[in-house]
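In: sequence-free structure coming up:
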Ligand code: XIL
């Protein structure tokens, strides 16, 4: 086994991230057993973000989704922009569609997301609000959205990405500007008020790359919990922007999962994917598989980690090429819905007895 790591700039949205390339064991195909069946036998939920466009237009997408997964996250349709396009108007059509699909196929739903700095409607980002008005807007939104899906959404990403991309500094979001740092605990309290049984998560990314960011997240959630704010867990997005299996990153993730669990909080892998530099090669696919399998194993090493969600499942529909220029092929199924080495690595990691 060879391994090399170096720091590299990320073109596009994200700043910079460590690049680790790991050349691992040869890929061995095994018989297909739907991931949801294996996961259920281990007491786990395995899932994917769902694109509403694909759900509506592509029967193969729906077929594989139902076959393989037992939890789904709306990729976009529960974000502020789509679900609350005008101050006095909500649009639940697409979110209702996903929740209905999940019910039919006996899948849980992770709601995503109630507070984020992106994909907000113009009325919200451009509007002039006093602090009290901003709190009222936040309360109305969270109460309405969480209330509508009360008992139907098992977990919510209440606050998403409240820290800088690669540092522990609070992100200067519209909510922080208008309300102050306590917008975070307000969001959790409002969500709990609307559905006391939903599990409430703080969700963020690249903590496995930035220790400062992880420390800030852990300090935040520990403080919230100590003060009785209703928070249940931490979501680790686990986007691997260079798409390469990185044993170091996976070890760090396992340690961080354990520290979150020791703080009395649940852990979820919420947006797993691994974009590959193009053109894709068999070696890159193997490195990607090692990463996927390693993340599943890391989750399984911690009793409080029971949810693993990838950010899509087929390379036919993925956010990666549009957001990380030069990368693609990030997901466990190819464009023709054939399982890739990453799929079999997940399968193997689920088969391991603990
Ligand atoms: C992405 C979606 O996949 C895209 O379709 C959309 O245009 C932008 O957002 N972190 C998150 C997700 O928490 O909501 C983002 O989803 C990906 C990064």
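Out: Cool, the structure landed. It should be emphasised that the depicted structure is a prediction, and the values quoted were computed from it without experimental measurement.

In: who are the contact partners of the residue lying closest to residue 53 once chain neighbours are set aside?
Out: In space, and not counting its chain neighbours, residue 53 is closest to residue 317: 7.7 Å by CB to CB, 6 or more residues apart in numbering. The way it works is simple: take the backbone N, C-alpha and C, and place the C-beta from them, glycine included. Each residue near residue 317 by CB atoms under 8 Å, 6 or more residues apart in numbering is listed here: 51, 53, 54, 61.

In: got phi/psi on the closest residue to the ligand within the stretch 151-300 of the chain?
Out: Closest approach between the stretch 151-300 of the chain and the ligand, counting by CB to the nearest ligand atom: residue 160, at 5.1 Å. Main-chain torsions, residue 160, degrees, to the nearest 10: phi -120, psi 130.

In: give the buried residues for the strand or helix carrying residue 322.
Out: Here residue 322, judged by DSSP states H and E, is contained in helix 320-323. By neighbour count on 16 or more other CB atoms under 10 Å, the buried set for helix 320-323 is 320, 323.

In: tell me the pLDDT of the residue in the stretch 201-350 of the chain positioned nearest to the ligand.
Out: Proximity of the stretch 201-350 of the chain to the ligand (CB to the nearest ligand atom) peaks at residue 319, 3.3 Å away. As predicted, residue 319 sits at a pLDDT of 97.

In: residue contacts, it?
Out: Residue 319 makes contact with 75, 311, 312, according to CB under 8 Å, 6+ apart.

In: surely the residue of the stretch 151-300 of the chain closest to the ligand touches residue 217?
Out: No. Using CB atoms under 8 Å as the test, residue 160 is too far from residue 217 to be in contact (11.8 Å).

In: re the thing from before, buried ones among the contacts of residue 317?
Out: For the contacts of residue 317, buried by 16+ other CB under 10 Å: 51, 54, 61.

In: OK, contacts around the residue of the stretch 151-300 of the chain closest to the ligand?
Out: So residue 160 contacts 112, 113, 115, 116, 203, 204 (CB under 8 Å, 6+ apart).

In: show me the beta-bridge partners of the third one.
Out: If I follow you right, that is residue 115. Counting by DSSP bridges, residue 115 is bridged to residue 159.

In: after whichever strand or helix holds residue 185, next one along is what?
Out: Per DSSP H and E: residue 185 is located in helix 183-194. As assigned by DSSP H and E, the chain's next helix or strand after helix 183-194 is strand 199-204.

In: and the angle for that next one with helix 183-194?
Out: 150 degrees (axes from the mean of the first three to the mean of the last three CA atoms, to 10 degrees).

In: list the contacts of strand 199-204.
Out: By CB under 8 Å, 6+ apart, the list of residues contacting strand 199-204 reads 112-113, 154-163, 184, 188, 191-192, 213, 217, 220-221, 224, 230-237, 266, 268, 270.

In: same question for stretch 120-138.
Out: Contact with stretch 120-138 is made by 79-81, 84-87, 115, 174-175, 178-180, 183, 186-187, 190, as judged by CB under 8 Å, 6+ apart.

In: need the strands for this protein, in chain order.
Out: When assigned using DSSP state E, the strands of the chain occupy the ranges 2-9, 16-23, 45-50, 71-74, 108-115, 155-160, 199-204, 233-236, 239-240, 266-274, 276-277, 305-310, 327-328.

In: would you list the ones you listed in a markdown table and tack on mean pLDDT?
Out: Output for those, formatted as a markdown table (pLDDT from 0 to 100):
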| stretch | mean pLDDT |
| --- | --- |
| strand 2-9 | 30 |
| strand 16-23 | 30 |
| strand 45-50 | 98 |
| strand 71-74 | 98 |
| strand 108-115 | 98 |
| strand 155-160 | 99 |
| strand 199-204 | 98 |
| strand 233-236 | 98 |
| strand 239-240 | 92 |
| strand 266-274 | 98 |
| strand 276-277 | 93 |
| strand 305-310 | 98 |
| strand 327-328 | 95 |
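
In: take those and write them to CSV, including distance to residue 254.
Out: Formatted as CSV, the strands of the chain follow (distance: least, CB to CB, whole Å):
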stretch, distance to residue 254
strand 2-9, 17
strand 16-23, 15
strand 45-50, 18
strand 71-74, 21
strand 108-115, 22
strand 155-160, 21
strand 199-204, 17
strand 233-236, 11
strand 239-240, 15
strand 266-274, 10
strand 276-277, 23
strand 305-310, 9
strand 327-328, 25
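
In: out of the ones you listed, which is closest to residue 148?
Out: strand 108-115 (10.2 Å; CB to CB).

In: got the angle between the closest one and helix 183-194?
Out: For strand 108-115 against helix 183-194, the angle by the same axes, to 10 degrees is 140 degrees.

In: what parts of the stretch 201-350 of the chain come near the ligand?
Out: By CB under 6 Å from any ligand atom, the residues of the stretch 201-350 of the chain that approach the ligand are 237, 271, 319.
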